[in-house]
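# Sequence plus the predicted model coming up.
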Amino acid sequence: MCASEPAMLWGLKLQALFRVDIRGGSKLADPLVGIDTIASGPSWLKASATCQLHSPLVADPEHNKAVVRMFMDEVSDGGKVELLEQLCTEGVVNHAARAGLQNGIESFKTLMLSIHESQTDRHWTEQRYLAEGDLVIVYGVREGDWRAPSFRGVTTPAGHIATELAHMFRLEDGLITEHWAVRDDLGMMQQLGVLPSPER
């Protein structure tokens with residue numbers, strides 16, 4: 001293909017060269033082939049390619065849900081904390097974490113590893129995703145065997161628990177940059193026998 005080929009053919013060629021990366025933005029699927037093709041094309045093609053390579057990903061609710069779903073399944077439940085580097089911004093803020101573990105990926109790793117170790121078999125029995133703009137909300141019930149000796153400074157016995165909870169994530173260029181959560185900790189402590197249930 002040469003620079004004199006119809007613009008439509010060059011446009012299709014340009015579209016085929018790029019792929020959307022989970023970290024956001026566009027990347028060349030094959031850098032060597034892509035650079036050669038762009039260099040041999042007309043001036044408008046070079047300008048379009050440069051713009052596409054440096055433009056951030058527009059907020060895409062479906063893409064954002066996929067990122068959050070990977071976080072919930074692979075990191076939160078699966079314990080693969082190394083994936084946080086692919087799913088989060090470097091300065092991610094976890095508003096739900098205790099003081100000292102709210103800022104940055106390394107703090108997020110420490111917290112998520114601790115959470116996973118407290119319930120290695122936990123899984124969702126109910127789960128709903130809702131996304132709008134740059135926000136994703138996850139609501140549901142998660143079950144598992146509690147194994148940690150304490151929770152927020154309170155001694156806890158082992159036991160099976162089912163906890164209702166909701167998470168909210170804000171994504172920036174396709175990456176998690178903020179996280180909030182609410183959880184039925186009272187119900188959890190009652191199920192473990194640390195606090196009395198209403199019927200007792």
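Right, received. Where do you want to start?

# Quick one: distance of stretch 121-134 to the chain centre.
Centre-to-centre, stretch 121-134 and its host chain are 11 Å apart (C-alpha atoms, centre = their mean, to the nearest Å).

# before we move on, what about stretch 171-188?
Offset of stretch 171-188 from its chain centre (C-alpha atoms, centre = their mean): 10 Å.

# Specify the residue ranges that define each domain of this protein.
7-54, 61-191 (automatic domain parsing).

# out of the ones you listed, deepest packed?
Most buried of those, by mean neighbour count (mean count of other C-beta atoms under 10 Å): domain 61-191, with a mean of 16. (Each C-beta comes from the backbone N, C-alpha and C, glycine too.)

# Look up the closest residue to Ala148, ignoring the ones flanking it.
Ser118 (3.7 Å; C-beta to C-beta, 6 or more residues apart in numbering).

# repeat for Leu165
Excluding the flanking residues, the one nearest Leu165 by C-beta to C-beta, 6+ apart is Arg183, at 4.0 Å.

# Thought Ala162 was touching the one you found, still the case?
No - with contact defined as C-beta atoms under 8 Å, Arg183 does not count as touching Ala162 (11.8 Å).

# shaky segments in this protein?
Applying pLDDT under 70 to the chain flags the ranges 1-58, 199-200.

# can you do 80?
The chain contains residues with pLDDT under 80 at 1-59, 198-200.

# What ranges does the chain have for its helices?
Ranges of helices within the chain are 7-17, 31-40, 43-54, 61-70, 84-87, 105-118, 185-191, based on DSSP state H.

# Summarise which helices and strands the shortest one is packed against.
Right, the one you point to is helix 84-87. When contacts are defined as 3 or more C-beta pairs under 8 Å, 6 or more residues apart in numbering; DSSP states H and E, helix 84-87 packs onto helix 105-118.

# Touching the helix it packs on from outside, list them.
For helix 105-118, contacts defined as C-beta atoms under 8 Å, 6 or more residues apart in numbering pick out 75-79, 81-82, 84-85, 88, 90, 92, 94, 97-98, 100-101, 146-148, 151.
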